[in-house]
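Student: Kindly return the folded structure for what I paste below:
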Amino acid sequence: MAYNLKEEMNKTERFHSGHRLCAGCGAGIVCRAMMRAVDPEDKAVICNATGCLEVSSFQYPFTAWEDSYIHTAFENASATASGVEAAYNVMRRKGKLDPSRKFKIIAIGGDGGTYDIGFQSLSGALERGHDFTYFCYDNNAYMNTGTQRSSATPRFASATTTPAGIESVGKKQNQKDLTQIVVAHGSPYAAQTTLFGNLKDFHEKAHRAIYTEGPTFVNVLTPCPRGWQYPAEDLAAICRAAIDTCVWPLYEVVEGEYRLTYEPKKKLPVEEFMKMQGRFAHCFKKGNEWTIEAAQEYVDKKWEELLQKCGR
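Tutor: Numbers count the residues shown, from 1 in each chain. Below you'll find the model as predicted:
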C-alpha cells in the first residue's frame, strides 16, 4: 500500500494521546503508525506483552486503544494471539461473525518480551503458521524494570546489569539478530524498520505485514531516552543515524526474497550513532577506542552479508 501523507492525516486515530510513555519514547509512535496501517473498515485485536507500553497505555478502566486490547503476561503475547486467531476462525465457521467484517490479529512487545522471555511462544506461533502480525518495539533493553541488558542490547552498551567501569566496557556480546531468526522459521513476511521522519517505510511494511496471510513480523528500532541516555528531542536524529551507519539496516524478506528498502548515499561511521547516546560514552574514553573499531567491524560484516542476500 503506497503511503499517502494526506490520506494518513485524515484517518481517525486508533491509538490516542494521553498515555504515560516518556517524552522522547518511540513506542507511542510505533503504535499510532501501526494502527494507521490497519484499513479503516477493518477491526483489530491487540495482544500486548507486559512492558513499558502496557503499563503506559492501559490503566484500567482507561485505555489509549480504540480496538480490542488484551494485556498478556510478559512471555506469551504470541500464544495469546494464536488463541485469538483460532477462536476467530471457529466463530467465522459457525457463522457467529459478520463475514464482511475482517479482524486483524496483532501482537506487540518490547525486545525483552520478544527476543528473550517471549521467544518460545513467538517461535511456536511462527511454526504453527497462525495468521497474525507481531510488532517488536526494540528499545535494546528491559527498560520497564530498570534498563537491564537483553539479547537485543548492542555490544559495549552500558546497562544496569552490564555497567561500564574500570574493568568493563559494557555488554560483552553482540545482539541477537531476531529478524533473521524469524526468516529461518519460513515466515512469509519479515521486515526491519524504524521511525525517521515521514514514516513511509514503516507504514508500507506494517500494512504489507498485516495484510499478508500467515505469521508475519516487523522489527522496529525504537529509541528509549531513559535507557539510551539522549535528549527527548533527538529521537528522529538517532533513528536517522542508526540507518545511515547501517547499525539498523532497513529491509524486508518476502517469501524468502530479500529486498533492501534503504541504502545510505554515504555510509557513516558507527561512532556517529554511538556518540549521541550516554550508554556508549565510556567507549570514547582513552584506552577504549578499540570498542568503536570492533563495533564498526561487526556492523560492516553484517551489512556486507545483507547486501549479498539482497543480490547487491
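Student: Identify all contacting residues around stretch 231-239.
Tutor: The list of residues contacting stretch 231-239 from outside it, by C-beta atoms under 8 Å, 6 or more residues apart in numbering, reads 22-26, 194-197, 221, 223, 225, 228, 230, 273, 276-277. No exception for glycine: its C-beta is placed from N, CA and C like everyone else's.
Student: Please disregard the earlier target; I meant stretch 241-252.
Tutor: Residues outside stretch 241-252 that contact it (C-beta under 8 Å, 6+ apart): 154, 189-194, 196, 201, 205, 208, 221, 258-262, 264, 266-270, 272-273, 276, 299-300, 302-303, 306, 310.
Student: mind redoing it with 6 Å?
Tutor: By C-beta atoms under 6 Å, 6 or more residues apart in numbering, the surrounding residues in contact with stretch 241-252 are 191-194, 201, 205, 221, 259-262, 264, 267-268, 270, 272-273, 299, 303, 306.
Student: Filter the contacts of stretch 231-239 down to the buried ones.
Tutor: When neighbours are counted using 16 or more other C-beta atoms under 10 Å, the contacts of stretch 231-239 contain these buried positions: 24-26, 194-196, 221, 223, 225, 228, 230, 273, 276-277.
Student: Looking at the contacts of stretch 231-239, which are in helices?
Tutor: By the criterion of DSSP state H, membership of the contacts of stretch 231-239 in helices covers 225, 228, 273.
Student: where does the stretch 151-300 of the chain dip in pLDDT?
Tutor: Counting by pLDDT under 70, the ranges of the stretch 151-300 of the chain that qualify are 197-198.
Student: For it, which segments are assigned as helices?
Tutor: Chain-ordered helices for the stretch 151-300 of the chain, with DSSP state H, counting those that start in this stretch as the definition, fall at 178-184, 200-210, 225-228, 235-244, 271-274, 289-309.
Student: For my notes, please list these in a markdown table and give distance to residue 119 for each entry.
Tutor: Written out in a markdown table, the entries for these read as follows (distance: least, C-beta to C-beta, whole Å):
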| stretch | distance to residue 119 |
| --- | --- |
| helix 178-184 | 8 |
| helix 200-210 | 19 |
| helix 225-228 | 20 |
| helix 235-244 | 23 |
| helix 271-274 | 26 |
| helix 289-309 | 20 |
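Student: Out of those helices, which is closest to residue 41?
Tutor: When the helices of the stretch 151-300 of the chain are compared for distance to residue 41 using C-beta to C-beta, the nearest one is helix 200-210, at 13.3 Å.
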